[in-house]
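K.L.:
sequence-free structure coming up:
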């Protein structure tokens, strides 16, 4: 009986070691794929960013949305009104952007919050050419690879 116990214990240890090795191989595969080209699949992406007022770092945050390591995307800055203080910054960022940017004026909300209204209006006005919609906020500063990882 004792021999059977030791045999099963050794099998369990070997199986555990094999599974750890397989897990490490899988982790290495995932890390390689993160930095590789996605291949032929490159969907058209719309990055939607509602903006309201001037907050610390707003211009740098918006500029980071135009600097992704990706080619096939457009940025949509959404404002509730033309008088929003963020509009001047949005226009300055759009003017210096290397990717196509659009400014959407959503208007006053009806029966919903302002941010929800801004996003709803922007989605309704999007051309059908976009395969993927990415929603982000103006107070975040994603890195250059964020859109690729997403």
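P.N.:
Done, it's in. It should be emphasised that the depicted structure is a prediction, and the values quoted were computed from it without experimental measurement. Numbering: from 1, shown residues only.
K.L.:
quick check, residue 102 in a helix?
P.N.:
No - per DSSP: H, G, I helix; E, B strand; the rest coil, residue 102 lies outside any helix segment and is strand.
K.L.:
average pLDDT for stretch 67-86?
P.N.:
Across stretch 67-86, the average pLDDT comes to 90.
K.L.:
in stretch 57-67, which residues are buried?
P.N.:
Neighbour-count burial for stretch 57-67 flags 58-59, 61-62, 64-66 (criterion: 16 or more other Cβ atoms under 10 Å). C-beta coordinates here come from the backbone N, C-alpha and C atoms, glycine included.
K.L.:
what about the one helix or strand in the chain whose mean pLDDT sits lowest, distance to the chain center?
P.N.:
Ranked by mean pLDDT, DSSP states H and E, the weakest helix or strand in the chain is helix 146-149, scoring a mean of 84. Mean C-alpha position of helix 146-149 versus that of the full chain (Cα atoms, centre = their mean, to the nearest Å) differs by 6 Å.
K.L.:
and for stretch 42-62?
P.N.:
11 Å.
K.L.:
the helix or strand in which residue 18 is found: what's the following helix or strand?
P.N.:
Assessed by DSSP states H and E, residue 18 sits inside helix 2-34. Of the helices and strands lying after helix 2-34 in sequence (DSSP H and E), the nearest is strand 45-50.
K.L.:
now for that following strand, which elements pack on it?
P.N.:
strand 73-79, helix 114-125, strand 132-135 (3 or more Cβ pairs under 8 Å, 6 or more residues apart in numbering; DSSP states H and E).
K.L.:
again, only using 10 Å
P.N.:
Under the contact criterion of 3 or more Cβ pairs under 10 Å, 6 or more residues apart in numbering; DSSP states H and E, strand 45-50 touches strand 73-79, strand 101-105, helix 114-125, strand 132-135, helix 146-149.
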